[in-house]
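Q: predicted structure and sequence below. I'll ask about it afterward.
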Amino acid sequence: MHRVSAQEFMPEGRSSVRTLKEAAKHCRGCDLYANATQTVFGKGPAEAALMLVGEQPGDAEDQTGQPFIGPAGKLLDRALKELDLQREHLYITNVVKHFKWEPRGKLRLHKNPSAREVAACRPWLEAEIAAVQPTVVVCLGATAARALLGAQFRVTRQRGELHPGPNGCTVTATVHPSSIVRIRDQKEREQAVNRFVTDLRAARTCAGL
């Protein structure tokens, strides 16, 4: 059976981030577009040395079209502030460009994308990396890490490792900030934040920032 993927909606040849973003608005590479408000593409300078890649947009991102502005985004902003890094100097995106959710009363709760959905959307990420040509790509969480580093990669065991990536970049991985947001114990949460900051600091150094 023929399987549709984002590749069928990609612009021909090498494209700028702006061109990719416009094309992605019309992507029907998987069924997630049907229940999403809009495509949430990456955001940042066209030649950022450091790229952060998460899993997928959440409810707030789906409503606004901006990546990482919900609770996980606020925690990411806290970490970036501790590192004196400005969002405007980073390229921030997700592996999957549409919000996958399930209803719970009036709420729309995050639902993990399937391996097929991740694979279908992967061409957009590959095109973003080719367009931006970052020095370092940081995978935030398991979905992003497995998309770029393989299904056997485990963030719990391999976070902080440096691996060769596409277009000559270096790929590393850490936890997704949403996993820290979910920690209830305050002391444990602060320890997780500190380790997250340490991971990003190492990536910043590797990127020459």
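A: In hand now; what should we look at?
Q: from memory N167 sits against A130, does it?
A: Yes - using Cβ atoms under 8 Å, N167 is in contact with A130, at 5.5 Å. Glycine gets a C-beta too; all of them are placed from N, C-alpha and C.
Q: ok, now which ones touch D62?
A: Contact analysis of D62 by Cβ atoms under 8 Å, 6 or more residues apart in numbering lists 36-38, 40, 98-99, 101, 108.
Q: can you tell me the closest non-neighbouring residue to it?
A: Excluding the flanking residues, the one nearest D62 by Cβ to Cβ, 6 or more residues apart in numbering is F99, at 3.7 Å.
Q: P113 too?
A: V96 (4.7 Å).
Q: just A119 next, same as before
A: Using Cβ to Cβ, 6+ apart, the nearest residue to A119 is S5, at 7.1 Å.
Q: state the distance from the one you found to W124.
A: To W124, S5 is 10 Å away according to Cβ to Cβ, to the nearest Å.
Q: the two: who's more crowded?
A: For S5 versus W124, neighbours defined as other Cβ atoms under 10 Å are more numerous around W124 (27 against 18).
Q: surely Y33 touches A24?
A: No - using Cβ under 8 Å, Y33 makes no contact with A24, being 9.9 Å away.
Q: give me the common contacts of those two.
A: Listed as contacting both Y33 and A24 by Cβ under 8 Å, 6+ apart are T39.
Q: comparing the two, which residue is more hemmed in?
A: A count of neighbours by other Cβ under 10 Å puts A24 above the other of Y33 and A24, at 26 against 18.
Q: what residues are up against I183?
A: 189, 192 are the contacts of I183 under Cβ under 8 Å, 6+ apart.
Q: does it count as helix, strand or coil?
A: Under DSSP: H, G, I helix; E, B strand; the rest coil, I183 falls in the coil class.
Q: what about dumping the CA coordinates of the longest helix belonging to the chain to CSV?
A: Criterion DSSP state H: the longest helix present in the chain is helix 186-207. Taking C-alpha atoms only, helix 186-207 is exported to CSV below (Å, rounded to 0.1, in the frame of the first residue of the first chain):
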residue,chain,number,x,y,z
GLN,A,186,10.6,20.4,44.2
LYS,A,187,14.1,19.3,45.2
GLU,A,188,14.1,16.6,42.5
ARG,A,189,12.7,19.0,40.0
GLU,A,190,15.5,21.5,40.7
GLN,A,191,18.1,18.8,40.3
ALA,A,192,16.6,17.9,37.0
VAL,A,193,16.7,21.6,35.9
ASN,A,194,20.3,21.9,36.9
ARG,A,195,21.3,18.8,34.9
PHE,A,196,19.3,20.1,31.9
VAL,A,197,21.2,23.4,32.1
THR,A,198,24.5,21.5,32.2
ASP,A,199,23.5,19.5,29.1
LEU,A,200,22.7,22.7,27.2
ARG,A,201,25.8,24.4,28.4
ALA,A,202,27.9,21.6,27.0
ALA,A,203,26.0,21.9,23.7
ARG,A,204,26.6,25.7,23.6
THR,A,205,30.3,25.2,24.1
CYS,A,206,30.4,22.6,21.4
ALA,A,207,28.6,25.0,19.1
